[in-house]
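Undergrad: Fold the following.
(chains A and B)
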Amino acid sequence: MAVARSLIRSGPGGSDATAGPDERRQMARRSVDVAVILPDASPVITLARLGRLDLFETFIAPIRIVDQVEYEITKPANDPDGKISAWLARMANRVSIVETLVGFGFRTKLERGEAPKGGNLGEIAVDEYATQLALAASPTFVPLVLFEDPDVLETRIARLPRVHLLNTAAWIRALADEGIITDGQTLLNDINAGRKSPMIPIERPGRTRRVQSKWLRKPSNDAG
Amino acid sequence: MTLAEMLDKLERGRIGHAEAMRWLGVDSYTALVEIVHANGRQMPGHRAGPVTAETRALLRSVTKPLAGPGPRSPG
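TA: As a prediction, the model looks like this:
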């Protein structure tokens, strides 16, 4: 399984935000595999409605979407004006579609002219992918799971080792806190304006004994 | 009253903590807050806490700033 690598800099005290240039040069450079996984159609649909799919372009880590979720986000009911399909085309290989047997079976039925019910197939397809990751992912792989549906917290992907869970609200707040976007609060207000109740930020940082918040570890003498 | 209706009323401040705890059959405020949060709701008057340092550090390492503020693309 190909995994793009992102260099993670770790500094004394757990963050390089306050380090000077000399300190930054001396920081250990660690290599951790991070991929953004979208197990849920909602983050894409929410941002598409607001015309803010460009937020995904802030990621330099690869984004992965299972085929059945891709089907859900691009079906006419969720993508009436083709914004999401255009976004996927624009992102090109920065978004990889993960083929699953569940999605393959669904597409096969569609091609036969049948009308299979999508139902919770997206969730089942994501479970299939999570099983693959659990069995075969690298020990340094960090899945950054971006979701909205709280049910995702009960699925297998939320129990993967080193998984870091973020819902859309927490992601936007973190982007704003880091100065990556400047209109985070406006965006959250726009999201909440279309909801019955405000979206509560949910995050569950990845911590395991083996790779405990690796990006925050103090540097060691190894080359990383 | 369903759970969703009760949580909605609690979040909007139409019923108090005591009534919600009675309805749920829990005897601690912590249990009430946990149930509210587990259902994606928030206690009235509470504000969500800041995102953790771990999340900020992870995002700092896997993101880059957008070229300019506000919407940048047709998507």
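
Undergrad: from here on, contacts and neighbour counts on C-alpha atoms
TA: Will do.

Undergrad: in what helix or strand does residue A:36 lie?
TA: strand A:28-38 (DSSP states H and E).

Undergrad: can you check residue A:124 too?
TA: Counting by DSSP H and E, residue A:124 is found in helix A:121-136.

Undergrad: now do residue A:138
TA: Per DSSP H and E, there is no helix or strand for residue A:138.

Undergrad: What separation do you get for it and chain B?
TA: Remark: distance between residue A:138 and chain B (C-alpha to the nearest C-alpha, to the nearest Å) = 18 Å.

Undergrad: how about residue A:64, secondary structure?
TA: strand (DSSP: H, G, I helix; E, B strand; the rest coil).

Undergrad: shouldn't it be in contact with residue A:97?
TA: Yes - assessed by C-alpha atoms under 8 Å, residue A:64 is found in contact with residue A:97 at 5.9 Å.

Undergrad: Tabulate the CA atom coordinates of stretch A:129-139 in CSV.
TA: Extracted in CSV, the C-alpha atoms of stretch A:129-139 (Å, rounded to 0.1, in the frame of the first residue of the first chain):
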residue,chain,number,x,y,z
TYR,A,129,-10.9,-0.4,4.3
ALA,A,130,-10.3,0.0,8.1
THR,A,131,-9.8,-3.8,8.2
GLN,A,132,-7.2,-3.6,5.5
LEU,A,133,-5.4,-0.8,7.3
ALA,A,134,-5.5,-2.7,10.6
LEU,A,135,-3.9,-5.7,9.0
ALA,A,136,-1.4,-4.1,6.6
ALA,A,137,-0.7,-0.4,7.5
SER,A,138,2.8,0.6,8.4
PRO,A,139,3.5,1.0,12.1
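
Undergrad: neighbouring contacts of that stretch?
TA: A:1, A:66, A:98, A:100, A:156, A:157, A:160, A:161 (C-alpha atoms under 8 Å, 6 or more residues apart in numbering or on different chains).

Undergrad: One more pass at 10 Å, please.
TA: Residues outside stretch A:129-139 that contact it (C-alpha atoms under 10 Å, 6 or more residues apart in numbering or on different chains) are A:1-3, A:32-33, A:39, A:65-66, A:98-102, A:123-128, A:141, A:143, A:155-162, A:210-211.

Undergrad: Please indicate which of the residues you listed are buried?
TA: A:32-33, A:39, A:65-66, A:98, A:100, A:102, A:123-128, A:141, A:143, A:155-162, A:211 (16 or more other C-alpha atoms under 10 Å in any protein chain shown).

Undergrad: still on that earlier bit, quick check: what element follows the strand holding residue A:36 along the chain?
TA: Remark: after strand A:28-38, the chain's next helix or strand is helix A:42-49, criterion DSSP H and E.

Undergrad: Who are the packing partners of that next one?
TA: Contacts defined by 3 or more C-alpha pairs under 10 Å, 6 or more residues apart in numbering or on different chains; DSSP states H and E place helix A:42-49 against helix A:67-74, helix A:83-91, strand A:141-147, helix A:168-177, helix A:184-193.

Undergrad: Return the set of buried residues in the second one.
TA: To tie it back to what came earlier, the one meant is helix A:83-91. A:83, A:84, A:85, A:87, A:88.

Undergrad: okay, those residues in CSV with pLDDT and distance to chain B next?
TA: As requested, the buried residues of helix A:83-91 are exported to CSV (pLDDT from 0 to 100; distance: C-alpha to the nearest C-alpha, whole Å):
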residue, pLDDT, distance to chain B
A:83, 95, 5
A:84, 97, 7
A:85, 96, 9
A:87, 96, 6
A:88, 96, 9
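
Undergrad: Kindly present those residues as JSON lines, with separate columns for distance to residue A:114.
TA: Below are those laid out as JSON lines (distance: C-alpha to C-alpha, whole Å):
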{"residue": "A:83", "distance to residue A:114": "27"}
{"residue": "A:84", "distance to residue A:114": "25"}
{"residue": "A:85", "distance to residue A:114": "23"}
{"residue": "A:87", "distance to residue A:114": "28"}
{"residue": "A:88", "distance to residue A:114": "26"}
